[in-house]
Each structure stands twice: as C-alpha cells, then as structure tokens.
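1. okay, predicted coordinates and the sequence, questions at the end:
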Amino acid sequence: MQESLFLSFTWYTYAIMLPTIAFFGWLALPFALFASIIAFMLGTIYLVKVHSNKRLSNNPEEPYLKSYAKRLGLDKLIKSEEDIEKFYKFTGPDFDWPPEFDIHARGLVISYIIHPDHWFVEGEGEELATNTLAYHRLLKSNELDSSKGSHVLIMNGQIKHYGGEISGDEYNHLLEQHPGMFYVPVKEQPPILIRR
C-alpha cells in the first residue's frame, strides 16, 4: 500500500506538478510544495522499511543473533555475542542441529568453530565441524554405501572415496595431508560399554 502510494505521489510530483508550475507560475507553488513534501515523507518511510528488512535478513544484527542463539540453544553454550556471530557466519541463518546431537556433540562442533585447539592448522577447526555435521547427515540419510567399502573419507563435507580399515600410521599420514578430514566407518558403531 505504502509503496503504491509513494510511487503515485512521485509520479504526480514530477509528471503533473512540474508542468503545472511551469504553466501557472508562482500560483501553483504552494500546492506543488505540499505534494513534494508528502512524496518525500512517503519515500523516506518506504526506503527505511526496505532497508530495515534487508538488514534483518542479510546482516547478523543484535536482535536476530539473540533469536538465532535461542533457537539453536547456543545461549546455553556460548556467552559471547562475538562468538555467536562467528558461529552464525560459519553456519548461516538456516542451520539447524541434527536431532541426534546432544549437548556434548553440539559443544564439540561449536568449539571446533569458535575455539579450535591451538595445535590445529589454519581452518582445521572449521573443516572438522563441517565433516562432523556431514558425517551425521550422511549416516541419517543412508547415503553411505557399505558395498563400496567399510570406511569413507569425508573432506569439505563431501565423500571423497571409500576404503577399508587403515592402520594408525596411515591415518596419521592422511591427517597430515588433509587436516580436519574424517576417515570413519560407513556404519555407525554402537558405543562400547564397560562394566565393572
């Protein structure tokens, strides 16, 4: 409604009032001034509305970050708004936790992104977070094919290749070449319970 009113007043101001002033001279000036003021006010309101909508959808501003943090339960795990913004920039506005992620798994992914270990190479924390989320997504969607191998190499959130079980030295060599990669079983392994 405001947009069409703004556009009609803008058209009215430039298409009708300017020729009227030119034809009638100073007699039409008060009416033209009044119409120009209304068009200017409606235009300002419209531009402020458009600008505020863009700000909420594209920029992580304070109120949006708070609702984002609350929706994901980050407010319980992250105290700094700067860290929430860092997590937001990594995940984006449409991110949601996999349903099976408990608070510990969420905390691990968050720490990979916000406070990676000091021995990680540059970008290794983000790579670990990406691959952790990708592995759980692939497990739950049954996209991993056990007929191709018992393990899978995941890099940049994508399956690179399948293979068999490897030794610790081979794993370390692979990790040196591709920091943050995942070489994991195709089938989810149940946790080992130890009774005493």
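-> Yep, that arrived. Since this is a predicted model, take the numbers as computed values, not measurements. Residues are numbered from 1 along each chain as shown.
2. packing partners of the helix or strand hosting Val152?
-> Under the criterion of DSSP states H and E, Val152 resides in strand 151-155. Judged by 3 or more Cβ pairs under 8 Å, 6 or more residues apart in numbering; DSSP states H and E, strand 151-155 is in contact with helix 124-140, strand 158-163, strand 182-185. Every C-beta, even on glycine, is put in place using the N, C-alpha and C of the backbone.
3. Ala39: which of these is closest?
-> Ala39 lies closest, by Cβ to Cβ, to one member of the helices and strands packed on strand 151-155: helix 124-140, at 49.2 Å.
4. for the closest one, what is the distance to the chain centroid?
-> 16 Å (Cα atoms, centre = their mean, to the nearest Å).
5. same question, stretch 128-145
-> The answer for stretch 128-145 is 19 Å, by Cα atoms, centre = their mean.
6. with distance to His151 added, can I get the helices and strands packed on strand 151-155 in TSV?
-> Formatted as TSV, those follow (distance: least, Cβ to Cβ, whole Å):
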stretch	distance to His151
helix 124-140	11
strand 158-163	5
strand 182-185	6
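7. mind checking which of those is nearest Arg71?
-> That would be helix 124-140 among the helices and strands packed on strand 151-155, by Cβ to Cβ, at 16.7 Å.
8. now for that closest one, which elements pack on it?
-> Checking 3+ Cβ pairs under 8 Å, 6+ apart, helix 124-140 ends up next to helix 103-114, strand 151-155, strand 182-185.
9. any idea which of the ones you listed is most buried?
-> strand 151-155 (a mean of 21; mean count of other Cβ atoms under 10 Å).
10. can I get the helices and strands packed on strand 151-155 in a markdown table with distance to Pro99 and mean pLDDT?
-> Shown next, in a markdown table, are those (distance: least, Cβ to Cβ, whole Å; pLDDT from 0 to 100):
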| stretch | distance to Pro99 | mean pLDDT |
| --- | --- | --- |
| helix 124-140 | 8 | 89 |
| strand 158-163 | 22 | 92 |
| strand 182-185 | 19 | 88 |
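11. nearest to Asn172 among the ones you listed would be which one?
-> Asn172 sits nearest to strand 182-185 of all the helices and strands packed on strand 151-155, at 10.7 Å, using Cβ to Cβ.
12. in its sheet, what does the closest one sit against?
-> strand 151-155 (antiparallel) (DSSP bridges).
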